[in-house]
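Participant: Have a look; sequence and predicted model below, questions after that.
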Amino acid sequence: MRVLVIEDEEKMADMLKRGLEEEGMEVTLAYDGDQGLAAGKSAGYDLIILDIGLPGRDGLEVAAELRASGVNTPLLMLTAHDATDMKVRGLDSGADDYLTKPFAFAELLARLRALQRRLKTDDTTRLQISDLILNLITRRVTRAGIEVQLTNKEFALLEYFMRHPDEILSRETLSEKVWDETFDTLTNVIDVYINYLRNKIDRNFEPKLIHTVRGVGYTFKTPSNESRLMTETRA
């Protein structure tokens, strides 16, 4: 599980990082609201832990902007304030749960497990990478909160990509899995549909998600792996 912790108190941030890593989680730290907002938008985290009292944008602003940009990652908000109105403001801004400092680490883990169970339930009906969300029930696709209109074949292609992130997929594989056909080396239909999809989900957005692996095929990269892809491609 990949967790983003946005916390300006370094001792608290380091304590959370150590504790969560001991539980087998991969943790990224951000120490102010601007940094946390950028991280939350640019990478596909499974959970976000967000402090309200942050320099720059406060936690309420960060949560609201993440939700407005289409990031629906489960979000646990932390604060030293236990007043009811502050809790209400936190939940209204987009938080899924609320924990008042000081807290027992065991309670934090219990709340994260509850959010994880909710995430697993959501995963049966939707796929999300970065700010791209595909709903399998409504067949609605959004990027950064903007609805993207796809044809049935484009939707099927995108779904296959999102179910196999960071894998290098050959044209033969895409032909078999999306078109249910044996690959015809004389046709460029797959490349044409890749271009259609790029124009709709990548052209006006950052980071780019669909990448060409020269001589092999394509890969749908989660943002955290883009730098590794560039190194592999150059090699």
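Facilitator: Now that the structure is in, tell me what you want to look at. Numbering: from 1, shown residues only.
Participant: Tell me where the model's unsure across the protein.
Facilitator: Low-confidence segments of the chain, defined by pLDDT under 70: 43-44, 83, 118-124, 181-186, 224-235.
Participant: show me where it has helices.
Facilitator: Counting by DSSP state H, the chain has helices at residues 10-22, 33-42, 59-68, 84-93, 105-123, 152-163, 171-178, 189-201, 226-234.
Participant: Would you tell me which of those gets closest to Y218?
Facilitator: helix 189-201 (6.1 Å; Cβ to Cβ). Yep, even glycine has a C-beta here, placed from its N, CA and C like the rest.
Participant: Only the buried residues of that closest one, if you could.
Facilitator: By neighbour count on 16 or more other Cβ atoms under 10 Å, the buried set for helix 189-201 is 190, 193-194, 197-198, 200-201.
Participant: Check stretch 94-105 too.
Facilitator: Under the neighbour-count criterion of 16+ other Cβ under 10 Å, stretch 94-105 has 94-99 buried.
Participant: Next: stretch 80-92.
Facilitator: Within stretch 80-92, the residues that count as buried by 16+ other Cβ under 10 Å are 86-87, 89-90.
Participant: Save the buried residues of stretch 94-105 as CSV, and put in distance to A106 too.
Facilitator: Compiled in CSV, the buried residues of stretch 94-105 are given as follows (distance: Cβ to Cβ, whole Å):
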residue, distance to A106
G94, 26
A95, 20
D96, 19
D97, 15
Y98, 17
L99, 12
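Participant: Which ones among these map onto strands?
Facilitator: Among the buried residues of stretch 94-105, the ones falling in strands (DSSP state E) are 97-99.
Participant: Closest one of the residues you listed to E9?
Facilitator: Lowest distance from E9 to those (Cβ to Cβ) belongs to L99, with 14.4 Å.
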